[in-house]
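Trainee: Quick one, fold the following:
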Amino acid sequence: MRKIRKYWFLGSLAIIMAVLLCRYLPFTVEAQTETPLWPGAEAGAQALKGPALTLLTPTTDAKLRVFAQALALVEEQYAEPKPVKDLVYGAIQGVVSTLDPHSSFMNPEDFRELQIETKGKFSGIGIEITMKDRILTVVSPIEGTPAYQAGLMAGDQIVKINGQTTKNMSLTEAVKMIRGPKNSKVTLTINREGFTQPRDFSIVREIIPIRSIKARILDGGIGYIRLSTFQDQTDSDLRAMLKKMQQRLSPFKGLVLDLRNDPGGLLDQAVRVADEFLSSGLIVYTEGRNPQQSMRFYARAGHKLESASVPLVVLINEGSASASEIVAGALKDQKRAVIMGTKSFGKGSVQTIIPLEDGSALRLTTALYYTPSGQVINEKGIIPDILVEEKQPPPGKTLQNLRDEAMAKHMKKEGLTDKPWDRPITTAELDQDLPLKRAVEVLRTWPPKKLAQQPKG
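Mentor: Reported below is the predicted structural model:
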């Protein structure tokens, strides 16, 4: 009975501290982001504050006693001895696993690796993953990375990592297994629509490039900018490219912003990118149970490039997620751009990284993203104004064949964005990319009939 009381106290303390820390420690957005500091953010972006302790209800207290009793019985009577710390960590993991695919518990080692990742000093294969219907799923490979070059695609299901099943594996565990030293190999067993059985993809890890902006131009004063991810310098790189295009294209008649297969990244960069094309108005807002977790981000007036007001078409697909969905949603709702392609992925939740006192941490979903019109992004995605499917393969070929051909061109530096940015895209290149071709047609016959008038700045 004495031991049961002891573990009741330890178990209760562990859960109480976890609950309290979830509510009151500083706010960090997403697994890869820092606290967003942006002039358009309201007070909700500041560190959360609250009392150090809170009282438990009688119901909660009774449930914690049951938990402590179970913990003590496992510790005392399980066939093999188990460290109490492992049991407590396992209990917390069990609690978090009942929430949503993006919440997780990180032991001290996992948390240290995450801190390294946020600084960009890691090697891997360049892939964004999530849990979809409890299956480890590829959101998108980042363009130019080993995963992209190996032919991984948005929607691929990862059923094994190095031969180990991913069933019941957490996101944190999966990321840890996929990352590794440069030049080492990882084998992912992939299930994909159209596969008769899962296939192995052996991929060599590399330092993931941080270049997120690539560009080309077209005859007739039209620019093309491809965003592969949202990194620290994405906004400044975008602005620099817009300046170059403004000087090169005279007149500058239109721009295609390609967010296809962009898995997202930093929230503040999403806000800044959208702000480049908006003179006023709401960009995105978040709402959570705690009022201090609710934030609103607005476009700034002034300091806009002339090129940032050109007619704009944004391309999205099922690989466009998170930050790219924020940009597409803002530009769509503010009637600033025509959104074209297919429905985006639907990753629109805010994860708070909460350090715990022993060096571990919780990654907890604390809020959801909403577009300016109030549409939730999470699990809904952004619906394009104009639906344009990818080019269908000719008879005798599959979508994978087309992807392989595109990859072969990329490896030979013959891909669309492998050539100098100021070399015009040819008609033959446009014919290989149906959504881009359609976007250029819309810009050449601007304004689209169904596009509402742009709001006055």
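Trainee: Run through the chain and note the low-pLDDT ranges.
Mentor: Residues of the chain meeting the criterion pLDDT under 70: 1-57, 113-122, 209-210, 392-394, 396-414, 450-457.
Trainee: same thing but 50
Mentor: Under the criterion pLDDT under 50, the flagged ranges of the chain are 1-55, 120-121, 410-412, 452-457.
Trainee: so what are the domain limits for it?
Mentor: 2-115, 123-207, 213-357+364-444 (automatic domain parsing).
Trainee: looking at these, which is buried most?
Mentor: domain 213-357+364-444 (a mean of 20; mean count of other Cβ atoms under 10 Å). Where C-beta positions appear, they are placed from N, C-alpha and C, glycine not excepted.
Trainee: Can I take it that residue 246 is in a strand?
Mentor: No. Assigned with DSSP: H, G, I helix; E, B strand; the rest coil, residue 246 falls outside any strand and is helix.
Trainee: The closest residue to it other than its chain neighbours and residue 221, how far apart?
Mentor: Once flanking residues are discounted, residue 246 sits nearest to residue 307: 3.9 Å by Cβ to Cβ, 6 or more residues apart in numbering. Taking Cβ to Cβ, to the nearest Å as the measure, residue 307 falls 11 Å from residue 221.
Trainee: Please enumerate the shared neighbours of these two.
Mentor: By Cβ atoms under 8 Å, 6 or more residues apart in numbering, residue 307 and residue 221 have these common neighbours: residue 252.
Trainee: Can you give me every residue that contacts residue 302?
Mentor: Contacts for residue 302 were tallied using Cβ under 8 Å, 6+ apart; there are none.
Trainee: And for residue 81?
Mentor: Under the criterion of Cβ under 8 Å, 6+ apart, the contact list for residue 81 is empty.
Trainee: Now do the helix or strand encompassing residue 65: which elements does it pack against?
Mentor: For residue 65, the enclosing helix or strand under DSSP states H and E is helix 58-77. Contact analysis of helix 58-77 by 3 or more Cβ pairs under 8 Å, 6 or more residues apart in numbering; DSSP states H and E lists helix 2-24, helix 84-97 as its packing neighbours.
Trainee: helices or strands up against the helix or strand following the shortest one?
Mentor: In this case it means helix 84-97. Later in the chain than helix 84-97, the nearest helix or strand by DSSP H and E is strand 104-106. Using 3+ Cβ pairs under 8 Å, 6+ apart, the elements in contact with strand 104-106 are helix 84-97, helix 171-178, strand 361-370.
Trainee: Save those as JSON lines, and put in distance to residue 59 too.
Mentor: Shown next, in JSON lines, are the helices and strands packed on strand 104-106 (distance: least, Cβ to Cβ, whole Å):
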{"stretch": "helix 84-97", "distance to residue 59": "16"}
{"stretch": "helix 171-178", "distance to residue 59": "31"}
{"stretch": "strand 361-370", "distance to residue 59": "22"}
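Trainee: what's the closest of those to residue 129?
Mentor: Residue 129 sits nearest to helix 171-178 of all the helices and strands packed on strand 104-106, at 6.3 Å, using Cβ to Cβ.
Trainee: what ranges do the helices span in the protein?
Mentor: Here the chain has its helices, by DSSP state H, at 2-24, 58-77, 84-97, 108-118, 146-150, 171-178, 234-248, 267-275, 323-333, 399-411, 427-431, 434-444.
Trainee: With distance to residue 385 added, can I get these in a markdown table?
Mentor: Formatted as a markdown table, the helices of the chain follow (distance: least, Cβ to Cβ, whole Å):
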| stretch | distance to residue 385 |
| --- | --- |
| helix 2-24 | 39 |
| helix 58-77 | 48 |
| helix 84-97 | 38 |
| helix 108-118 | 35 |
| helix 146-150 | 27 |
| helix 171-178 | 33 |
| helix 234-248 | 22 |
| helix 267-275 | 16 |
| helix 323-333 | 7 |
| helix 399-411 | 24 |
| helix 427-431 | 20 |
| helix 434-444 | 10 |
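Trainee: So which of those is nearest residue 382?
Mentor: It's helix 323-333; of the helices of the chain, that one is closest to residue 382 (Cβ to Cβ) at 4.7 Å.
Trainee: Can you spell out which helices and strands pack onto that closest one?
Mentor: Using 3+ Cβ pairs under 8 Å, 6+ apart, helix 323-333 sits against helix 267-275, strand 282-287, strand 312-316, strand 338-341.
Trainee: Swap in 10 Å and give it another go.
Mentor: Taking 3 or more Cβ pairs under 10 Å, 6 or more residues apart in numbering; DSSP states H and E as contact, the helices and strands that helix 323-333 lies on are strand 222-227, strand 254-258, helix 267-275, strand 282-287, strand 312-316, strand 338-341, strand 361-370.
Trainee: what angle separates it from helix 234-248?
Mentor: Compare the direction of helix 323-333 with that of helix 234-248 by axes from the mean of the first three to the mean of the last three Cα atoms, to 10 degrees and you get 50 degrees.
Trainee: Taking strand 282-287 as reference, get the angle to helix 323-333.
Mentor: 120 degrees.
Trainee: shouldn't residue 342 be in contact with residue 385?
Mentor: No. Contact criterion Cβ atoms under 10 Å: residue 342 and residue 385 do not qualify, at 12.0 Å.
Trainee: got a list of what residue 125 touches?
Mentor: 141-142, 145-150, 152, 178-180, 185-186, 188, 201, 203-206, 208 (Cβ atoms under 10 Å, 6 or more residues apart in numbering).
Trainee: quick revisit: out of the helices and strands packed on strand 104-106, flag the one nearest residue 352.
Mentor: strand 361-370 (4.4 Å).
Trainee: packing partners for that closest one?
Mentor: So strand 361-370, by 3+ Cβ pairs under 10 Å, 6+ apart, packs with helix 2-24, helix 84-97, strand 104-106, helix 108-118, strand 282-287, strand 295-298, helix 323-333, strand 349-355.
Trainee: give me that answer again for 8 Å
Mentor: Using 3+ Cβ pairs under 8 Å, 6+ apart, strand 361-370 is in contact with helix 2-24, helix 84-97, strand 104-106, helix 108-118, strand 282-287, strand 349-355.
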